[in-house]
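Asks: The following block contains a protein sequence and its predicted model.
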Amino acid sequence: MRLNKNPKKGIMAGEYKRKRGTMSEEKSALVLRDVCKSFGTVTAVKDFSLDVNDGEFISLLGPSGCGKTTLLRIVAGFEIPDSGEVLLDGNNIINLPAFKRPMNMVFQRYALFPHMTVYENIAFSQFLKKRPKDEVEQKVKKMLELVQLEGFEPRKPNQLSGGQCQRIALARALINEPKVLLLDEPLGALDLKIRKQMQIELKNIQEKLKITFIYVTHDQEEALVMSDRIVLMELGEIIQVDTPKRIYSHPNSRFAATFIGESNVFEGEVQKVDADQLVINVDGLQFLANKNIDVKVGDKIVIAIRLEKVGRAGKGVKRSFDNQVPGKVEDIVFFGSIVKYYVRISENIIMIAQENIAEEESEIAAEENNIGDTVTLGFTKRDVNIFLE
Ligand SMILES: Nc1ncnc2c1ncn2[C@@H]1O[C@H](COP(=O)(O)OP(=O)(O)O)[C@@H](O)[C@H]1O
Ligand SMILES: [Mg+2]
């Protein structure tokens, strides 16, 4: 269990509620066990096992082609896995046809019926189920309120913006009160501003309805913003499953450290192993790191340090660091509110330090360093993530 011992301290109520979704004693709504799927010689999904909690917002995150859509289609029943099980509330649903599964899917291309009105699009499944007219009217009204498009009933899809189409597609799925909602890059076609707004709204709707969401995206920021947990995938396999905070601060691999956020990644060798810390040789430099994994002297390892965890050390700097290393500034790049310093710390290694230039205490920026200057960089051993490859 990863729950903070003192949940009130330092985190807000909403976050606490969200964290609870990750507790292992919570009921699993959906379980995938050793799911495999190939298309000819292409392995799309390999030995995929995952427990999704009831009411959880879980994201499948990974580059294009890593098997996200295939997994979602397996869960929905559009694709039969070559092996493995899919359990819903404890029952294997592998042989249950898609239309009998209490699930709905939302796609990037909204797939609204173009000749139908908004009302007819949302009500369509209810007509099929032969629900009474009054009841359908009430439900559609409720759905339009939920997605904040009251009064849009008579419009046709070609009279809607992309964001509005996606809200209607969402309403059309949610009117079925699915147990699990499957979303395949639903915001991918929207422009950045609308996408960011929809991320927050989708999250709010999910929290309100408490429906389990399985959300597919290749956008790491989207996954960080919305998810209770992120399932990071590469080549059909799970690399890491964790809360956004954990996966960001404790990536378990070179892939996780670079696909989500940015890291300084170096190869090194274990030089000394103490009870709780390691000395690592990186291109002739010695770095201290917390001993988070089992290694022995001589092991080849990879270390990753987040760019924003590297600061300026040395004379006149109050912060203390376990690791301090002098270097020469080779480049300075401004990105609006942040600035990155590329500092050569050894013959083969450039370390990147990132500072928020809006911060008054921005130390490197305050000094107005120039290319060619000598600086001392620092980072703590806690912020050094170590992986065996
Ligand atoms: N119906 C199919 N026939 C052949 N290959 C497929 C099919 N569907 C997916 N693939 C392949 O399986 C891999 C995973 O695809 P997909 O699940 O769509 O990935 P993602 O959604 O992460 O981009 C890719 O290499 C893709 O080309
Ligand atoms: Mg896809």
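Replies: The structure has been received and is ready for your questions. Ligands and ions are numbered 1, 2, ... in the order given.
Asks: I'd say residue 357 and residue 335 touch.
Replies: No: the pair residue 357 / residue 335 is not scored as a contact, 9.2 Å apart, by CB atoms under 8 Å. Every residue, glycine included, has its C-beta placed from N, CA and C.
Asks: can you list the domains in this structure?
Replies: If you go by automatic domain parsing, the domain ranges for the chain are 23-102+178-249, 262-388.
Asks: Next, format those as a markdown table and append mean pLDDT, distance to ligand 1 and mean neighbour count.
Replies: Formatted as a markdown table, the domains of the chain follow (pLDDT from 0 to 100; distance: least, CB to the nearest ligand atom, whole Å; neighbours: other CB atoms under 10 Å):
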| stretch | mean pLDDT | distance to ligand 1 | mean neighbour count |
| --- | --- | --- | --- |
| domain 23-102+178-249 | 94 | 3 | 18 |
| domain 262-388 | 89 | 22 | 16 |
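Asks: Could you point out the helix or strand that follows the longest helix along the chain?
Replies: Assignment by DSSP state H gives helix 192-209 as the longest helix of the chain. Downstream of helix 192-209, the next assigned helix or strand under DSSP states H and E is strand 212-217.
Asks: of the domains of the chain, which approaches residue 155 most closely?
Replies: domain 23-102+178-249 (17.8 Å; CB to CB).
Asks: Now do that closest one: distance to the chain's middle.
Replies: Remark: domain 23-102+178-249 is offset 11 Å from the chain centroid, using CA atoms, centre = their mean, to the nearest Å.
Asks: repeat for stretch 157-168
Replies: Averaging C-alpha positions (CA atoms, centre = their mean) puts stretch 157-168 26 Å from its chain's average.
Asks: Buried residues in that stretch, which are they?
Replies: Residues 157, 160, 163-168 are the ones in stretch 157-168 that count as buried (16 or more other CB atoms under 10 Å).
Asks: which two in these are spaced the farthest apart?
Replies: Longest span within those, CB to CB: 157 and 163, 12.7 Å.
Asks: Show me where the stretch 1-150 of the chain has its strands.
Replies: With DSSP state E, counting those that start in this stretch as the criterion, the stretch 1-150 of the chain has strands at 28-39, 42-53, 57-61, 83-88, 91-92, 103-106.
Asks: Which parts of this protein are helices?
Replies: 13-20, 68-76, 118-128, 133-146, 162-174, 192-209, 220-226, 244-249, 254-259, 363-366.
Asks: Let me have these in JSON lines, adding distance to residue 293 as columns.
Replies: Putting the helices of the chain into JSON lines (distance: least, CB to CB, whole Å) gives the following:
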{"stretch": "helix 13-20", "distance to residue 293": "25"}
{"stretch": "helix 68-76", "distance to residue 293": "28"}
{"stretch": "helix 118-128", "distance to residue 293": "50"}
{"stretch": "helix 133-146", "distance to residue 293": "46"}
{"stretch": "helix 162-174", "distance to residue 293": "42"}
{"stretch": "helix 192-209", "distance to residue 293": "33"}
{"stretch": "helix 220-226", "distance to residue 293": "24"}
{"stretch": "helix 244-249", "distance to residue 293": "15"}
{"stretch": "helix 254-259", "distance to residue 293": "14"}
{"stretch": "helix 363-366", "distance to residue 293": "31"}
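Asks: Figure out which of the ones you listed is closest to residue 290.
Replies: Of the helices of the chain, nearest to residue 290 by CB to CB is helix 244-249, at 12.2 Å.
Asks: Show me the contact partners of the closest one.
Replies: Contact partners of helix 244-249, identified using CB atoms under 8 Å, 6 or more residues apart in numbering, comprise 2, 223-225, 227, 229-230, 232, 240, 256, 260-261, 306.
Asks: closest to residue 317 among these?
Replies: Using CB to CB, residue 306 comes nearest to residue 317 of these, at 18.7 Å.
Asks: Just grab the bridge partners of that closest one for me.
Replies: Residue 306 forms beta bridges with residue 263, as assigned by DSSP bridges.
Asks: got a list of what it touches?
Replies: Contacts of residue 306 (CB under 8 Å, 6+ apart): 249, 261-264, 383.
Asks: which one of the buried residues of stretch 157-168 sits closest to ligand 1?
Replies: Using CB to the nearest ligand atom, residue 166 comes nearest to ligand 1 of the buried residues of stretch 157-168, at 18.2 Å.
Asks: My guess is the closest one contacts residue 187. True?
Replies: Yes: taking contacts as CB under 8 Å, residue 166 lies within contact range of residue 187: 7.0 Å.
Asks: which residues do those two both contact?
Replies: Between them, residue 166 and residue 187 share the contacting residues residue 198, judged by CB under 8 Å, 6+ apart.
Asks: so what's the residue nearest the centre of the chain up against?
Replies: With distances taken as CA atoms, centre = their mean, residue 223 lies nearest the centre of the chain, 3.0 Å away. With contact taken as CB under 8 Å, 6+ apart, residue 223 is in contact with 59, 61, 215, 217, 230, 244, 260.
Asks: what does residue 75 give?
Replies: Taking CB under 8 Å, 6+ apart, one finds 30, 32, 86, 103, 180, 182, 214 in contact with residue 75.
Asks: Just list whatever residues bridge to the second one.
Replies: Read that as residue 32. Note on residue 32: beta-bridge partners by DSSP bridges are residue 50, residue 86.
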